[in-house]
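Undergrad: Curious how this folds, go ahead:
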Amino acid sequence: MQNCYHQVYAAWKRDPEAFWRDAAADIDWFKPPERIFSPDASVYGRWFEGAETNSCHNCLDRHVTAGRGGETAIIFDSAMTGEKRRFTYGEALGEVKAIAATLVDLGIGRGDRVILYMPMVPQAVFSMLACARIGAVHSVVFGGFATSELAARIDDCAAKLVITASCGLEPGRIVAYKPLVDQAIEIARSKPEHCLVLQRPELRADLVSGRDQDFEAAVAQHRDAEVACVSVKATDPLYILYTSGTTGQPKGVVRDNGGHMVALNWSMRNIYGLKPGEVFWTASDIGWVVGHSYIVYAPLIAGVTTLIFEGKPVGTPDAGTFWRIVSEYHVRVLFTAPTAFRAIRREDGDGELIRKYPMPDFRALFLAGERADPETLKWAERMLGVPVIDHWWQTETGWPIAANPLGLGALPVKHGSPTLPMPGYEITVLDDAGHPIEAGTLGNIVVKLPLPPGCLPTLWNADDRFRSAYLDEFPGYYKTADAGYVDGDGYLFIMSRTDDIINCAGHRLSTGAMEEVCARHPDVAECAVIGVNDVLKGQAPCGFLVLKRHVSRETAVIESEVVAMIRESIGPVAAFKTAITVNRLPKTRSGKILRGTMQKIADGIPWKMPATIDDPAILEEIAEALRKRGFGSLPM
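TA: Okay, the predicted model is just below:
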């Protein structure tokens, strides 16, 4: 297939409104847009003002009406319980209508906020769509999230209802959700009126009389209910997704209905190269933006079969789980985080489990969520024999900013680059004073306003905070808070968050560049580099190495080899003298390494246990490893 990316991007740049008008023709509208873009609306303008539609209708009803009601919409596979199930579009629509009727019976209507605190089960996805059906605004909070963080989100959006489950299942443990929800509601100032609880057989929960209802029992009473889709404005909020704010107050990223559907639908065909009826698996969680966009909404809007997986890339039961699923369900495209592949590589470096499963239908692997280091990409290419595509986006954008668009014909790959900007995004690299800088120079990556459809129009009830966080520092641009550079061919390279740039004796050094070198060592499975305080240089880099399984060489020798590799590749200017071998790296549940917290521990300043951390014990291990090397770590 010949690549047509440059023609498509040029068409967008020539006439953005015509481009998005054409894309919007693939969505069902109850009322067509009066204007494609309104520059004076809201903070920086709004897309499809005056239009009315419904996201649930576009995900389910229109496919059933088109005669596709008997085709598979959702596949559920739980590596934790062994349960497997398929739902057709017609069956999914029936489930969503029943839940929607239950919500209406509980007094939930258009504009009301509903918190979902659920494991990766079909009922969670159906509940999201049920909210969309009646015009309610859902806010998904990752199941197992800390009580105080859940309470803060309940308060911020003034949720009228919480939908939860009795428990979540993790390898080797059961996480009781209901006590966390009870505690959160107790300390929240804004009290939800009701709580729907999905009882799981692994651990049943006690229900609070007068407030709580059994999910299945309540929904069963509305099995034959007919609940029509509520017509909402294209600019009405579909959901609020909270990200951790630097002030301690969570930031509620708002996603609208119209622009969101237009952008996601365009991306499924043109970026991921998928057609209706094909199977797309996003191995993430609905608690994150990846799950919202590419487990729930984008596949169903595009008529693609989506896969819900309850499990982990390793340990449920082994590092071959992903390949079993790809083989068993004829997955065409897999989308996951680089950290998942580093875990698989560490356990199955020679690919023995990969070769165990035939995958003739597998077409491509997409990686996002954090920077994909070139060594992991190259390993995946060798093992899988399919295109491995790094792409870059954020919770705030909701869909890729830069990618190698498979559906437009893949572009040449440059390892370490998410390739080129997608239509809607004009990327510039600026210095700290806001001046454009030359190709190849590290700087602040920004996107020229207006942002395209699908991106956040603002933060929930916080326009001023939105401006100060994203727009004020570089007027006319959206600040991504990522650092990197653009090369002579226009390829983008994301090197780190701007907070992770090390200032060493006046030199701006990228942690990502140093991590690339560390990852080249044949014994290193995973790594992270942070900047620590240095009396002479201001900051100096410190590397953390996780070794591959069955490495028997002395860790001190490996560490000295990595130090030498950095000196040879980047030069003495990097001042890289310290590498520390650890068993694990601290990460969020979405797989992002907690470099900021590691840096605070190393610098001996007070730190707080991150609400999103996957395993708190790992930070204690990191603190102990730093203490042994003489760094001034303090307890939290």
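Undergrad: quick one: low-confidence ranges for this protein?
TA: 1, 244-248, 499-500, 505-508, 632-636 (pLDDT under 70).
Undergrad: Now name the helix or strand holding the most far-flung residue of it relative to its centre.
TA: Taking CA atoms, centre = their mean as the measure, the residue most remote from the mean C-alpha position of the chain is Leu536, 38.6 Å away. Leu536 is part of no helix or strand when elements are defined by DSSP states H and E.
Undergrad: Give me the phi and psi for it.
TA: phi -90, psi -40 (degrees, to the nearest 10).
Undergrad: State the distance from it to Arg21.
TA: 59 Å (CB to CB, to the nearest Å). All C-beta spots, glycine's among them, are computed from the backbone N, C-alpha and C.
Undergrad: go on, Gly210?
TA: 51 Å.
Undergrad: Over to Gly596?
TA: In this structure, Gly596 and Arg21 are 42 Å apart, going by CB to CB.
Undergrad: who's more crowded, Gly210 and Arg21?
TA: For Gly210 versus Arg21, the count of surrounding residues by other CB atoms under 10 Å is larger for Arg21: 16 against 8.
Undergrad: Using the three-state scheme, assign the more buried one.
TA: helix (DSSP: H, G, I helix; E, B strand; the rest coil).
Undergrad: Who are the contact partners of it?
TA: Arg21 sits next to Ile36 when contact means CB atoms under 8 Å, 6 or more residues apart in numbering.
Undergrad: Could you number the chain from 295 rather than 1 from now on?
TA: In the new numbering, first residue 295, that becomes Arg315.
Undergrad: The strand or helix carrying Ala445 - contacts with which helices or strands?
TA: Ala445 is part of helix 441-451 when elements are defined by DSSP H and E. Under the contact definition 3 or more CB pairs under 8 Å, 6 or more residues apart in numbering; DSSP states H and E, helix 441-451 sits against strand 407-411, strand 431-434, helix 472-481, strand 531-537, strand 545-550.
Undergrad: for these, which one sits closest to Ser804?
TA: strand 531-537 (23.2 Å; CB to CB).
Undergrad: Identify all contacting residues around the closest one.
TA: 349, 407, 422, 425-426, 431-435, 447, 450-451, 544-551, 554, 583, 586, 689-690, 754.
Undergrad: again, only this time at 6 Å
TA: The contact list for strand 531-537 (CB atoms under 6 Å, 6 or more residues apart in numbering) reads 349, 431-433, 447, 451, 544-549, 551, 554, 583, 689, 754.
Undergrad: nearest to Asp776, of the helices and strands packed on helix 441-451?
TA: Of the helices and strands packed on helix 441-451, nearest to Asp776 by CB to CB is strand 531-537, at 14.2 Å.
Undergrad: Buried residues, that closest one. List them.
TA: For strand 531-537, the neighbour count (16 or more other CB atoms under 10 Å) marks Pro531, Leu532, Tyr533, Ile534, Leu535, Tyr536 as buried.
Undergrad: what about the helices in the stretch 695-844 of the chain?
TA: For the stretch 695-844 of the chain, applying DSSP state H, counting those that start in this stretch gives helices covering 757-760, 805-814.
Undergrad: Just send the ones you listed back as a markdown table, with distance to Gly605 and mean neighbour count too.
TA: Shown next, in a markdown table, are those (distance: least, CB to CB, whole Å; neighbours: other CB atoms under 10 Å):
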| stretch | distance to Gly605 | mean neighbour count |
| --- | --- | --- |
| helix 757-760 | 36 | 16 |
| helix 805-814 | 26 | 23 |
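Undergrad: Check the chain for its longest helix and report it.
TA: helix 383-399 (DSSP state H).
Undergrad: Now do that helix: everything it contacts.
TA: Here helix 383-399 has contacts from 354, 357-358, 362-363, 365, 367-368, 420-421, 423-424, 427-428, 512-513, 516-517, 519, 521, using CB under 6 Å, 6+ apart.
Undergrad: mind listing which of those residues are in strands?
TA: Counted as lying in strands by DSSP state E, out of those, are Ala367, Ile368.
Undergrad: Quick one: buried ones out of the contacts of helix 383-399?
TA: The neighbour-count test (16+ other CB under 10 Å) marks 354, 357-358, 362-363, 367-368, 420-421, 423-424, 427-428, 512-513, 516, 519, 521 as buried among the contacts of helix 383-399.
Undergrad: Restricted to helices, list those.
TA: His357, Phe420, Ser421, Leu423, Ala424, Arg427, Ile428, Ala512, Val513.
Undergrad: any chance of those residues in JSON lines, plus distance to Lys871?
TA: As requested, those are exported to JSON lines (distance: CB to CB, whole Å):
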{"residue": "His357", "distance to Lys871": "59"}
{"residue": "Phe420", "distance to Lys871": "54"}
{"residue": "Ser421", "distance to Lys871": "52"}
{"residue": "Leu423", "distance to Lys871": "54"}
{"residue": "Ala424", "distance to Lys871": "56"}
{"residue": "Arg427", "distance to Lys871": "59"}
{"residue": "Ile428", "distance to Lys871": "60"}
{"residue": "Ala512", "distance to Lys871": "61"}
{"residue": "Val513", "distance to Lys871": "60"}
